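**Q** No sequence on hand, only this structure:
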């Protein structure tokens, strides 16, 4: 077993095993990343999927996710407000569209939106599609298939719902809902005809096996947009004192994810602004997507800066895996 033989296996469109993924994780970083980038070029060419998000409902969340500033169980200082009005969400959609962003994601806190809130968001999405034309993704929690169908009819094309970590590790992260609740919501969105964006957060105290197992679950679910977040330890949360990962940690993770999910949009997300190179190394190690601009409760990287970097690296901004 070696990197070239496993690379050839992937390029021949064969899936790697858990054993092979764990082997890759321990290999020399430079060779691993170069091979991952070869796989990325083979399956994805130089297409890069960039999106932005808006925090459309913030704070006071009933769930006890240990990493989250918006949880009512934690003691962080996140802003609290109800659903933003359509005018504000529409305005930011237009601003992002004008900056060259092709997908805009509306994100809300809480376990799930109510039926009334879903209806309100459907009206907002219709306004965005009519007046801006940007592709719309939503992250509204653990909705059911009927709710997802309403959103699709309104113009939503993608749903975001992170697994966060592996099935084994999930109870160490959250106990107010379970891993299978996440899986059920993902399958409901897919049944409604929506593409799904789902990944997790690295640096939660998970093992290498947890990182691999989450990617394998995503592969089983047929997820083709995979956010790889790096924990930004926030004071007042149970993980506020966790040690930050490094550039090389993140490069290794995205490289192995590229072997497991060769045709996916592997998306640098939260925490990217903490990396000294702002993700450049990951974008030559298998990652080919990013969330740009501000994150939900932390600062991000401006879209202008990201567009300049992508141009320098020879990427072309495209809607991918939708």
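**A** Done, it's in. Remember, it's a predicted structure, so these values are computed and weren't measured experimentally.

**Q** low pLDDT regions in the stretch 201-322 of the chain?
**A** 294-300 (pLDDT under 70).

**Q** Longest strand in this protein, please.
**A** strand 47-57 (DSSP state E).

**Q** Which strands or helices does that strand pack on?
**A** helix 86-98, strand 103-108, strand 265-268, strand 289-292, helix 303-313, strand 316-317 (3 or more CB pairs under 8 Å, 6 or more residues apart in numbering; DSSP states H and E). To be clear about C-beta, it is placed using only N, CA and C from the backbone, and glycine gets the same treatment.

**Q** mind listing the helices for the stretch 1-150 of the chain?
**A** For the stretch 1-150 of the chain, the helices defined by DSSP state H, counting those that start in this stretch cover 3-11, 18-25, 29-44, 86-98, 115-131, 145-154.

**Q** Show the average pLDDT along the second one.
**A** Mean pLDDT, computed over helix 18-25, is 98.

**Q** Repeat that for the fourth one.
**A** Helix 86-98 shows an average pLDDT of 94 in the prediction.

**Q** before we move on, the earlier item: so which of the helices and strands packed on strand 47-57 is nearest residue 13?
**A** strand 265-268 (17.4 Å; CB to CB).

**Q** And the closest one, how far out from the chain middle?
**A** Taking CA atoms, centre = their mean, to the nearest Å, one finds the center of strand 265-268 at 7 Å from the center of the full chain.

**Q** Residues contacting that strand, please?
**A** Applying CB atoms under 8 Å, 6 or more residues apart in numbering, the contact partners of strand 265-268 are 40, 44, 49, 51, 197, 199, 224-228, 250, 254, 257-258, 279, 282-283, 286-291, 320-321.

**Q** residues contacting the residue nearest the centre of the chain?
**A** The chain has residue 227 as the residue nearest its centroid, 2.4 Å off, counting by CA atoms, centre = their mean. The contact partners of residue 227, by CB under 8 Å, 6+ apart, come to 160, 162, 197-200, 267-270, 291.

**Q** tally of neighbours for the nearest residue to residue 27 once chain neighbours are set aside?
**A** Nearest non-adjacent residue to residue 27, counting by CB to CB, 6 or more residues apart in numbering: residue 3, 5.6 Å away. For residue 3, the count of nearby residues is 17 (other CB atoms under 10 Å).

**Q** The one 4 residues further on too?
**A** Here the neighbour count serves as a burial measure; for residue 7 (other CB under 10 Å) it reads 21.

**Q** So for it, what pLDDT did the model give?
**A** 98.

**Q** For the closest residue to it other than its chain neighbours, give me the pLDDT.
**A** Of all residues not flanking residue 7 in the chain, residue 35 sits nearest, at 4.5 Å (CB to CB, 6+ apart). Among the per-residue scores, residue 35 holds a pLDDT of 98.

**Q** Could you report the distance from residue 35 to residue 1?
**A** Going from residue 35 to residue 1 by CB to CB, to the nearest Å gives 13 Å.

**Q** Please apply the same query to residue 309.
**A** From residue 309 to residue 1 the distance is 35 Å (CB to CB).

**Q** who's more crowded, those two?
**A** residue 309 (18 against 10).

**Q** Neighbours of the residue nearest to that one when sequence neighbours are not counted, how many?
**A** Nearest residue to residue 309 in three dimensions, chain neighbours excluded: residue 280, at 6.5 Å (CB to CB, 6+ apart). Residue 280 has 14 neighbours, counted by other CB under 10 Å.

**Q** and residue 280, helix, strand or coil?
**A** coil (DSSP: H, G, I helix; E, B strand; the rest coil).

**Q** and it, backbone torsions?
**A** Reported as degrees, to the nearest 10, the phi and psi values for residue 280 are phi -50, psi -50.

**Q** Isn't residue 44 up against residue 318?
**A** No. With contacts counted by CB atoms under 8 Å, residue 44 stays clear of residue 318, the gap being 9.3 Å.

**Q** Which one's more surrounded, these two?
**A** residue 44 (23 against 18).

**Q** where along the stretch 201-322 of the chain do the helices fall?
**A** 208-221, 247-260, 303-313.

**Q** for those helices, which one sits closest to residue 139?
**A** helix 208-221 (16.1 Å).

**Q** mind listing what's buried in that closest one?
**A** 210-219, 221 (16 or more other CB atoms under 10 Å).
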